[in-house]
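# Provide a 3D model corresponding to the input given below.
(chains A, B, C and D)
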Number of protein chains: 2
Amino acid sequence: MKDTKVDTKSKIMDVAEAFISQGGYGAFSFRDIAESVGIKSASVHYHFPTKGDLVAAVMARYTHAFSLMLPDPCDAEFSTKDLIHGFIDGFKAKVVDQMNMSLCTMLTSDKSSLPEAVCQELAIFYKLKLDWLTQVFMRIEQTDEEKALTKASQLLACLHGASILVQGANDPAFFDRALSHWRNAYN
Amino acid sequence: MKDTKVDTKSKIMDVAEAFISQGGYGAFSFRDIAESVGIKSASVHYHFPTKGDLVAAVMARYTHAFSLMLPDPCDAEFSTKDLIHGFIDGFKAKVVDQMNMSLCTMLTSDKSSLPEAVCQELAIFYKLKLDWLTQVFMRIEQTDEEKALTKASQLLACLHGASILVQGANDPAFFDRALSHWRNAYN
DNA sequence: AATAAAATATCTATCACTAGATAGATAGTC
DNA sequence: GACTATCTATCTAGTGATAGATATTTTATT
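So this is what the prediction gives:
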């Protein structure tokens, strides 16, 4: 656990995360990562025996970091508007500013070729997002969990779909277009 | 141009389309296709010199078939409700009934590793869908093109996102959840 | 109608390359 | 001396692609 020479393990995960965001699970190799980090591919295997281990670890770290960004949905200090807008803005940062998809969107479309460990991490991330949004919508609408989950699904679908649309149409403006309804609904 | 022995070229494209729907551009090889069709991989290259040629052809055929399914958005014979619901149902057939993503959603997330020819076909498909939806919304809302395009983007994002959500959560029910707003809005 | 020529469709065999993964050597560090 | 982190070297499997042989149809010419 040294620190002067920024932890190689973290550097590997950083690089892997960037590669996945750009092209998904199949779009990078151990050699690509090794080159970016400045080591050899065998050294990457030392830290993460298999590709599945590496990507699962990246996804787990991502989920954890994401959860730390999410405020308590019941905290009265945040207006429901702020909660929703904050959630949307977090997505927008990835999709528009960095012009690539979220790890989650990418890996989901690669799902058929993912090792089981990665699928599990992916499921955890979906659950986290859906649960949080459901709680927020329960607070806003004073309604039952069933309806709040539906609202949560709608917003989450819009966000993922917006990221697809931005890529497909090759125009970042489609993000705000696709999300304008949700922005206006809580303003 | 025989017909008794169902056109090999079409069979190749059928098989390729299924593979792409399941796993995207990188999830199949010429050998996979050859095996499914019952020929050798070199014979696939005879019909489609490169993988890009093959996938671009599949995408072009898909776009053409899709365009034939779309009614004239101005045809008074169809109610606007029918037009919207028909569009949604077409998507649902792929995402829920066949439990895989649309060609378009899949290829878009693979975009960074796609040959140029495939990207072009993809762009054509997006334009087709957005233009059609825009025309429908102009008819419904009696509003300007700008606002209709925004509506079109919202619905298209919802549809693509729903397909991601179904896969990610591994639960087909999320499709109707994510689309319920659009179903109710035009009923 | 018979046959030669050309186009079509498939094959076998192989190339150059990349992938993920492993074994074993080699330093530096506690 | 054990542990950590890296290296070199290599394996096996798979990729897209090509060359060249072979068989099957179609077409053109006699």
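# Who are the contact partners of residue A:176?
Counting by C-beta atoms under 8 Å, 6 or more residues apart in numbering or on different chains, residue A:176 touches A:92, A:183. C-beta here means a position set from N, CA and C on the backbone, and glycine is covered the same way.
# Helix or strand: which one has it?
For residue A:176, the enclosing helix or strand under DSSP states H and E is helix A:173-185.
# So what's the gap between that helix and the chain middle?
With C-alpha atoms, centre = their mean, to the nearest Å as the basis, helix A:173-185 stands 19 Å off its chain's centre.
# and what of stretch A:36-52?
Worked out by C-alpha atoms, centre = their mean, stretch A:36-52 lies 23 Å from the chain centre.
# ok, is it in contact with DNA strand C or not?
Yes - for stretch A:36-52, a contact with DNA strand C is found by C-beta under 7 Å from any atom of the strand, at A:41-42, A:45, A:49-52.
# Can you turn the buried part of the residues you listed into a ChimeraX selection?
The following ChimeraX selection, which keeps only the buried ones among these, applies the criterion 16 or more other C-beta atoms under 10 Å in any protein chain shown:
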select /A:51,52
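# okay if I get the residues of stretch A:36-52 next to DNA strand C as a markdown table plus distance to residue B:149 and pLDDT?
Shown next, in a markdown table, are the residues of stretch A:36-52 next to DNA strand C (distance: C-beta to C-beta, whole Å; pLDDT from 0 to 100):
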| residue | distance to residue B:149 | pLDDT |
| --- | --- | --- |
| A:41 | 47 | 96 |
| A:42 | 52 | 96 |
| A:45 | 49 | 97 |
| A:49 | 49 | 96 |
| A:50 | 45 | 97 |
| A:51 | 41 | 97 |
| A:52 | 42 | 97 |
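# Taking the residues of stretch A:36-52 next to DNA strand C together, which two end up most distant?
With C-beta to C-beta as the measure, no two of those lie farther apart than A:42 and A:52, at 17.4 Å.
# where does the residue in chain A that DNA strand C sits nearest to fall, phi/psi-wise?
Here chain A gets closest to DNA strand C at one residue, residue A:29, 2.8 Å apart by C-beta to the nearest atom of the strand. Backbone torsions of residue A:29, given as degrees, to the nearest 10, read phi -120, psi 170.
# what angle separates the helix holding residue A:176 from helix B:173-185?
Helix A:173-185 runs at 70 degrees relative to helix B:173-185, counting by axes from the mean of the first three to the mean of the last three C-alpha atoms, to 10 degrees.
# For chain A, which segments count as helices?
A:8-23, A:30-37, A:41-47, A:51-69, A:80-92, A:103-109, A:116-141, A:145-169, A:173-185 (DSSP state H).
# for DNA strand C, what are the nearby residues on chain A?
Residues of chain A lying near DNA strand C (C-beta under 7 Å from any atom of the strand): A:2, A:28-32, A:41-42, A:45, A:49-52.
# Below-threshold pLDDT in chain A: ranges please.
Residue ranges of chain A with pLDDT under 70: A:1-5, A:187.
# can you do 80?
A:1-6, A:141-142, A:186-187 (pLDDT under 80).
# quick check, nearest of the residues of stretch A:36-52 next to DNA strand C to chain B?
residue A:51 (13.7 Å; C-beta to the nearest C-beta).
# contacting residues for that closest one?
Taking C-beta under 8 Å, 6+ apart, one finds A:25, A:30, A:115 in contact with residue A:51.
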